[in-house]
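1. Provided below are the primary sequence and the corresponding predicted coordinates.
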Amino acid sequence: MTQAAAGATSAALTPGARVAQRFPEAVLASLTYRGQETLVIQRDAWAETAAFLKSDPALTFDVLMDLSCVDYLRFGRSRTSAPTLATPSPLPYYMKPKENTEKWARGVSMDDYRFDVVYHFYSSVHNHRLRVRVPLKTTDVKIPTLSDLWAGANWFEREAWDLFGVVFVGHPNLRRLLLYEEFKGHPLRKDYPITKRQPLIGPLN
């Protein structure tokens with residue numbers, strides 16, 4: 001195969017397939033659900049993979065649209081928390097729900113990994129998108145910061161630290177964003193006690 005042909009073949013790959021081709025051992029799962037491509041990436045390979053997402057000319061993910069976190073502590077362990085494909089609300093009588101045979105999958109063990117840090121990337125150059133999930137264990141809730149690659153990650157990461165307790169290693173100013181510094185715990189964790197009382201903070205003077 002000529003170099004030009006190899007380049008054309010590479011350019012024809014989806015963003016997720018291109019990442020999987022470059023970092024085959026880093027990709028824990030490659031999923032497509034409702035037309036949206038998702039990669040599940042190992043935490044230890046995330047810094048290098050993220051840099052590739054931004055610098056590779058065929059990807060050029062120059063926008064980090066969102067960063068969030070999910071706690072799967074109780075997910076799927078009851079009927080109310082199980083993933084479902086049911087229509088979320090009644091449709092008008094003249095409409096029928098679209099048939100969907102896809103099954104949602106996390107891609108890693110619920111028992112081994114409690115948290116996912118979820119990233120949504122967009123390329124303004126190529127007009128394509130990619131979701132990346134990086135699973136974390138309960139005992140090691142740390143992940144490299146992306147604030148040096150995408151400036152917008154700064155506040156996203158502070159929010160995830162504030163509400164879920166995810167430590168973004170290398171962040172220049174990892175402190176609470178929505179809650180006050182004296183707040184104890186991380187309230188969006190599924191084991192946070194709903195009756196927990198927080199210290200009262202009065203005027204500084």
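-> In hand now; what should we look at? Numbers count the residues shown, from 1 in each chain.

2. Do a quick rundown of the strands in the protein.
-> Applying DSSP state E to the chain gives strands spanning 27-33, 36-41, 63-71, 115-123, 128-136, 142-144, 167-169.

3. In the first one, which residues are buried?
-> It refers to strand 27-33. 27, 28, 31 (16 or more other Cβ atoms under 10 Å). Glycine gets a C-beta too; all of them are placed from N, C-alpha and C.

4. what angle separates it from strand 128-136?
-> Counting by axes from the mean of the first three to the mean of the last three Cα atoms, to 10 degrees, strand 27-33 lies at 130 degrees to strand 128-136.

5. Which strands or helices does strand 27-33 pack on?
-> When contacts are defined as 3 or more Cβ pairs under 8 Å, 6 or more residues apart in numbering; DSSP states H and E, strand 27-33 sits against helix 15-22, strand 36-41.

6. what separates the first one from the chain centre, distance-wise?
-> The chain centroid and the centroid of helix 15-22 are separated by 17 Å, computed with Cα atoms, centre = their mean, to the nearest Å.

7. list the helices and strands that helix packs on?
-> Here helix 15-22 touches strand 27-33, strand 36-41, helix 46-55, strand 128-136, going by 3+ Cβ pairs under 8 Å, 6+ apart.

8. Could you tell me the angle between the first one and helix 15-22?
-> In other words, strand 27-33. Going by the same axes, to 10 degrees, strand 27-33 makes 160 degrees with helix 15-22.

9. Give me the residues contacting strand 27-33.
-> Around strand 27-33, the neighbours that count as contacts under Cβ atoms under 8 Å, 6 or more residues apart in numbering are 16-17, 19-20, 37-42, 102, 104-108, 135.

10. Adjacent strands (with direction) for that strand?
-> Here strand 27-33 is paired, per DSSP bridges, with strand 36-41 (antiparallel).

11. Could you pull out the buried residues of the partner strand?
-> 37, 38, 39, 40, 41.

12. follow-up on the earlier one: what's the closest of the helices and strands packed on strand 27-33 to residue 66?
-> strand 36-41 (13.1 Å; Cβ to Cβ).

13. Touching the closest one from outside, list them.
-> In contact with strand 36-41 (Cβ under 8 Å, 6+ apart) are residues 14-16, 19-20, 23, 26-32, 49, 106-108, 129-135.

14. Quick one, which of those are buried?
-> 15-16, 19-20, 23, 26-28, 31, 49, 106-108, 130-135.

15. contacting residues around the residue most central in space within the chain?
-> Per Cα atoms, centre = their mean, the C-alpha nearest to the average position across the chain is that of residue 118, at 0.7 Å. Contacts for residue 118 (Cβ under 8 Å, 6+ apart) come out as 66, 67, 68, 69, 70, 131, 132, 133.
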